[in-house]
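Q: With the input below, show me the fold.
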Amino acid sequence: MARPWPEQLRFSRADKVLHVAFDDGKRFAIPFQTLRVESPSAEVQGHGPGEKRIVTGKENVLVTAAEPVGRYAVRLVFDDGHDSGLFTWDYLYALGETAH
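A: Purely as a prediction, here's the structure:
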C-alpha cells in the first residue's frame, strides 16, 4: 500500500490549527502549539535518544509561513522565530493521529 499523501494543507490563524487532508481519506486538525512543541528540529528533539527538550509557553504561537521542501516535507516558520523543523508528510500524519 502506498504511503498517504497530503492533498491539502490549510492554516487557520483564527483557530491556531493546521488542517491536513490526506489521500487515504483521513483529515486532521493539528494545533499550532502541537506543531511547535513537537517540532522535528534538533533544537527540540535533540541529537540522540533521550535528548528531547520540553517546550512550554507556546499556547498562542502562530505559524507565519510554510515553505515546501522538495516533494516530501514543509518547513514551518513560527512567530516566536523557530523555523528549523522540516515536517515530512509521514511526521504530519503521525502528529495528526495523536493530536487532540
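Q: And stretch 39-53, end to end?
A: 10 Å (CA to CA, to the nearest Å).
Q: What average pLDDT does that stretch get?
A: Stretch 39-53 carries an average pLDDT of 85.
Q: For that stretch, buried residues please.
A: Of all the residues in stretch 39-53, those buried under the rule 16 or more other CB atoms under 10 Å are 39, 40, 41, 44. C-betas here are computed from N, CA, C, even on glycine.
Q: How far off centre is that stretch?
A: On the basis of CA atoms, centre = their mean, to the nearest Å, stretch 39-53 sits 15 Å off its chain's mean C-alpha point.
Q: same deal with stretch 4-16?
A: Chain-centre distance of stretch 4-16: 10 Å, with CA atoms, centre = their mean.
Q: C-alpha coordinates for it, CSV please?
A: This file holds the C-alpha atoms of stretch 4-16, laid out as CSV (Å, rounded to 0.1, in the frame of the first residue of the first chain):
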residue,chain,number,x,y,z
PRO,A,4,-0.7,8.6,2.5
TRP,A,5,-0.1,11.8,0.5
PRO,A,6,-1.3,15.2,1.6
GLU,A,7,-4.0,16.7,-0.7
GLN,A,8,-4.5,19.9,1.2
LEU,A,9,-2.8,21.9,4.0
ARG,A,10,-4.9,24.8,5.3
PHE,A,11,-3.7,27.1,8.1
SER,A,12,-6.4,28.7,10.3
ARG,A,13,-4.9,31.6,12.2
ALA,A,14,-8.2,32.2,14.0
ASP,A,15,-8.3,28.6,15.4
LYS,A,16,-4.5,28.2,15.5
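Q: Can you show me the helices along the protein?
A: For the chain, applying DSSP state H gives helices covering 32-37, 42-45, 89-98.
Q: hang on, the earlier thing: pull the most distant pair out of the buried residues of stretch 39-53.
A: Greatest spacing in the buried residues of stretch 39-53, by CB to CB: 40 and 44 (7.5 Å).
Q: between these two, what contacts are shared?
A: Common contacts of residue 40 and residue 44 (CB atoms under 8 Å, 6 or more residues apart in numbering): residue 85.
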